[in-house]
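Student: Structure for this input, please:
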Amino acid sequence: MRFKREHSGILQKFKNMRLAHKLMFIYSAILGVTIIVFAGQLISVANNSTELNLVNDTQKLLKETNYAIEREMDTCYRAANSLSNDYNTMSYFNFWDKNDKADIVSFKLDLTYKVEQILSLSGDINVIRMFMSNPNFPEIGSIIYSDSRLTNKKTILEESTNILDGYWQLDHYEKNYNISSLSQRSVVSLFRPILYRNIKKLGIIEVTVDTNTFFRNIFSQPENENMVSFVIVNNEKVITADNSTFIKKYKFDKFEMLKYYLDHDLKGKSGNIRLIKDGIPMNLIYDYIDKLDCSVCYVVTNESIRTNIKNKRNLIILESLLAMVVLCVLIYFFTNILLIKMKQIIASMRKVESGKLDIRVDVSGQDEMSELAYHFNKMLGKIGDLISEVVKKQEAKKNAEIHALFSQINSHFIINTLQNISMMAEIDCKFEVADSITSLGKLLRYSMKWSKESVRLREEIEYVENYVILMNMRYDFEIKLDIQIPNQLMQYEVLKMMLQPIIENAIYYGIEPLAKGGNITVLGYSEDEFTIIEIIDDGVGMDAECLQKVQQGLLLNLPHEYKQEGKGNGIGLSNVNERIKLFYGDNYGIEILSKNGSYTKVIIKLPDNSNK
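Tutor: All right, here's what the predicted structure looks like:
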């Protein structure tokens, strides 16, 4: 009730305002709302754009980080393989004679030289050590040790044997076996079995890299206040730069990183999720590395950019409001000038109200106010005549009829109706009609449902099969459709309505002129970096001149089609070819081959499907 009274009071005050004040109020309200809405939309678009760009840039950075880690892994693998695949070294380990003292010295010098060569060529590797299973084999310098020295010997032996790519131990303190070396550093180690002729196990080789070097991208930007990177190892350990400005600014420590990771169950996954930390929106971009059993993560925020944008927005609003105040003053001034004649008319009306019907308003100019004054004077003349006449009131009764009631029938209604008709045909044992109606319903459902640009190849094939079924109802002859596509390729996503225009061309311009049955074969296979789909008909084909025109049209992206008036769906080869190039790139598209009186083959080249 109180709100209604206040609302009524505001409306009453507005009604009591003078026209110039009302206009000024309306202009001010429109401008003010426009400025505020525009500024809000501007900020929203800018925030979304900066956040999207930040996420895209971070995803690229994540790929670079993973690539750098893979290079370090590859360096360790190559170093381990260099020694493990050295025939002389492996033979010496296998056939070692403890009584040959001179030979062990020569072997030590040779092995030390090989290790130093590997370390010099692989600058990131710190240490290469070999742990021998033979307890009698002598320990040599800082290279060869007994496997009894391994800290987690059982785990290392089991994991390095079971895992083909070896066992990785991330961010652990390096074990110093030399008494003279007391310093410990955080390292990443690769453990792989030493095998003689890939059969007999002789021991374990360890290749070690500093953690800061192995994950160099993780520690490379500690001063960045908009981003922090970290690695989650086996759901329990976090590797990150402890001096990160982001961590200090937003109090986003290791435990909170691990909590977000575990709460969202991100192990073994890759993607992007949105987080809210103390009211600040953030994005967590993550990727899992299977060989290391770890996830590389980036947390980014555009909060500093959002703050700058808000400050600029406030400045724009303030400047706009000041400009609006100046504009309102100008509007008020010019409105009063425009309303001078209206005030004269109002003054004359008040005199007429007092009984002076001989009053007339001076008419000058051709604007709306002058026209109003003219009609006002004319009205006063008629009033004098109407006083002496009997005013008869007539009531006009108008009967309004509502015409043109439109019923909007949506696609669901159409499809349900077709299903009902199909059931009625089946009841009447008209199974061919029922099948045709069912196929038509599937065609309608497929064509009306356009929620995305691409569909599974299986769905596109089903659509083509239904289309051919309907075409067979139309002709006296039978068109056979032969699908030769592997099951795994059926899951490949292709552009929707990609095959149907080509099948339609094959029927109309290949098989129909023969006036007899024909065959259409659809082949699918992978070749090099392409996925190939071929549509072959055994129709009339094309002569060399027509084929050249069609090929030229595809090459130059011209809307040339070998179609006749009244046929074709308007999509055609050139449109399909253009859609493929726009969606996948210029390396993909359509090629066409044909032999007059024999066949026509349309070849669709799409990206390779082997990794999908």
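
Student: can you confirm Phe252 is in a helix?
Tutor: No - looking at Phe252 with DSSP: H, G, I helix; E, B strand; the rest coil, it is coil, so not inside a helix.

Student: residues touching it, list them.
Tutor: Counting by CB atoms under 8 Å, 6 or more residues apart in numbering, Phe252 touches Val228, Phe246, Lys277, Val299. Where C-beta positions appear, they are placed from N, C-alpha and C, glycine not excepted.

Student: export those to a markdown table and tack on distance to Asn283, neighbour count and pLDDT?
Tutor: Formatted as a markdown table, the contacts of Phe252 follow (distance: CB to CB, whole Å; neighbours: other CB atoms under 10 Å; pLDDT from 0 to 100):
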| residue | distance to Asn283 | neighbour count | pLDDT |
| --- | --- | --- | --- |
| Val228 | 12 | 26 | 88 |
| Phe246 | 13 | 23 | 86 |
| Lys277 | 11 | 15 | 83 |
| Val299 | 7 | 25 | 90 |
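
Student: got the domain boundaries for the chain?
Tutor: By the assignment in automatic domain parsing, the chain contains the domains 85-214, 218-301, 410-449, 453-607.

Student: Out of those domains, which is closest to Asn48?
Tutor: domain 218-301 (10.8 Å; CB to CB).

Student: End to end on the closest one, go ahead and measure it.
Tutor: Domain 218-301 has an end-to-end distance of 17 Å (CA to CA, to the nearest Å).

Student: Summarise which helices and strands the helix or strand containing Lys351 is packed against.
Tutor: Under the criterion of DSSP states H and E, Lys351 resides in helix 340-353. Contacts defined by 3 or more CB pairs under 8 Å, 6 or more residues apart in numbering; DSSP states H and E place helix 340-353 against helix 368-387.

Student: report the angle between the axes of the helix it packs on and helix 340-353?
Tutor: 10 degrees (axes from the mean of the first three to the mean of the last three CA atoms, to 10 degrees).

Student: average model confidence for helix 368-387?
Tutor: Helix 368-387 carries an average pLDDT of 70.

Student: And stretch 484-493, by the same measure?
Tutor: Mean predicted confidence for stretch 484-493 is 91.

Student: If you count neighbours, what's buried in it?
Tutor: Ile485, Leu489, Met490, Tyr492, Glu493 (16 or more other CB atoms under 10 Å).

Student: helix, strand or coil for Ile535?
Tutor: strand.

Student: OK, contacts around it?
Tutor: Leu499, Ile502, Ile503, Ala506, Ile520, Thr521, Val522, Lys601, Val602, Ile604 are the contacts of Ile535 under CB under 8 Å, 6+ apart.

Student: same thing but at 7 Å, please
Tutor: Applying CB atoms under 7 Å, 6 or more residues apart in numbering, we find Ile535 in contact with Leu499, Ile502, Ile503, Ala506, Ile520, Val522, Val602.

Student: Who wins on neighbours among these?
Tutor: The most crowded member of the contacts of Ile535, judged by other CB atoms under 10 Å, is Ala506 (28 neighbours).

Student: how far away is that one from Val455?
Tutor: Counting by CB to CB, to the nearest Å, the gap from Ala506 to Val455 is 21 Å.

Student: related to what we said a few turns ago, of the contacts of Phe252, which belong to helices?
Tutor: Among the contacts of Phe252, the residues falling in helices (DSSP state H) are Phe246.

Student: With distance to Ile590 as new columns, can the contacts of Phe252 be given to me in TSV?
Tutor: TSV is the format used below for the contacts of Phe252 (distance: CB to CB, whole Å):
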residue	distance to Ile590
Val228	48
Phe246	50
Lys277	50
Val299	45
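
Student: if we take the contacts of Phe252, which one ends up nearest to Thr58?
Tutor: So of those, ranked by how close each gets to Thr58 (CB to CB), first place is Val299, at 9.0 Å.

Student: hang on, that closest one packs against Leu284?
Tutor: Yes - using CB atoms under 7 Å, Val299 is in contact with Leu284, at 5.4 Å.

Student: Same list (the domains of the chain) but as JSON lines, adding distance to Leu31.
Tutor: Below are the domains of the chain laid out as JSON lines (distance: least, CB to CB, whole Å):
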{"stretch": "domain 85-214", "distance to Leu31": "58"}
{"stretch": "domain 218-301", "distance to Leu31": "32"}
{"stretch": "domain 410-449", "distance to Leu31": "42"}
{"stretch": "domain 453-607", "distance to Leu31": "42"}
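
Student: Which one of these has the poorest average confidence?
Tutor: domain 410-449 (a mean of 54).

Student: Just the buried residues of the helix or strand Ser574 falls within, please?
Tutor: Using DSSP H and E, Ser574 sits in helix 572-584. By 16+ other CB under 10 Å, the buried positions in helix 572-584 come out as Gly572, Leu573, Ser574, Asn575, Val576, Asn577, Glu578, Arg579, Ile580.

Student: what's the angle from whichever helix or strand comes after it to helix 572-584?
Tutor: Using DSSP H and E, the helix or strand that follows helix 572-584 towards the C-terminus is strand 589-595. With the same axes, to 10 degrees applied, the angle from strand 589-595 to helix 572-584 works out at 150 degrees.

Student: Please shift the residue numbers so they start at 613 in all later answers.
Tutor: That works, and once the first residue is 613, the last one we named lands at strand 1201-1207.

Student: contacting residues around the next helix or strand after strand 1201-1207?
Tutor: Next along the chain after strand 1201-1207, taking DSSP H and E as the criterion, comes strand 1211-1219. Here strand 1211-1219 makes contact (CB under 7 Å, 6+ apart) with 1106, 1114, 1118, 1122, 1142-1151, 1153-1154, 1196, 1200-1206.

Student: Mind checking which of these are buried?
Tutor: By 16+ other CB under 10 Å, the contacts of strand 1211-1219 give 1106, 1114, 1118, 1122, 1142-1151, 1153-1154, 1200-1202, 1204, 1206 as buried.

Student: Show me the strands in the stretch 1013-1162 of the chain, by range?
Tutor: 1066-1068, 1091-1096, 1105-1107, 1130-1139, 1142-1149 (DSSP state E, counting those that start in this stretch).

Student: Now distance to Val649 too, for the ones you listed, in a markdown table please.
Tutor: Output for these, formatted as a markdown table (distance: least, CB to CB, whole Å):
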| stretch | distance to Val649 |
| --- | --- |
| strand 1066-1068 | 36 |
| strand 1091-1096 | 55 |
| strand 1105-1107 | 38 |
| strand 1130-1139 | 52 |
| strand 1142-1149 | 48 |
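
Student: what's near enough to touch Val911?
Tutor: Val911 touches Met839, Val840, Phe864, Met894, Leu896, counting by CB under 7 Å, 6+ apart.
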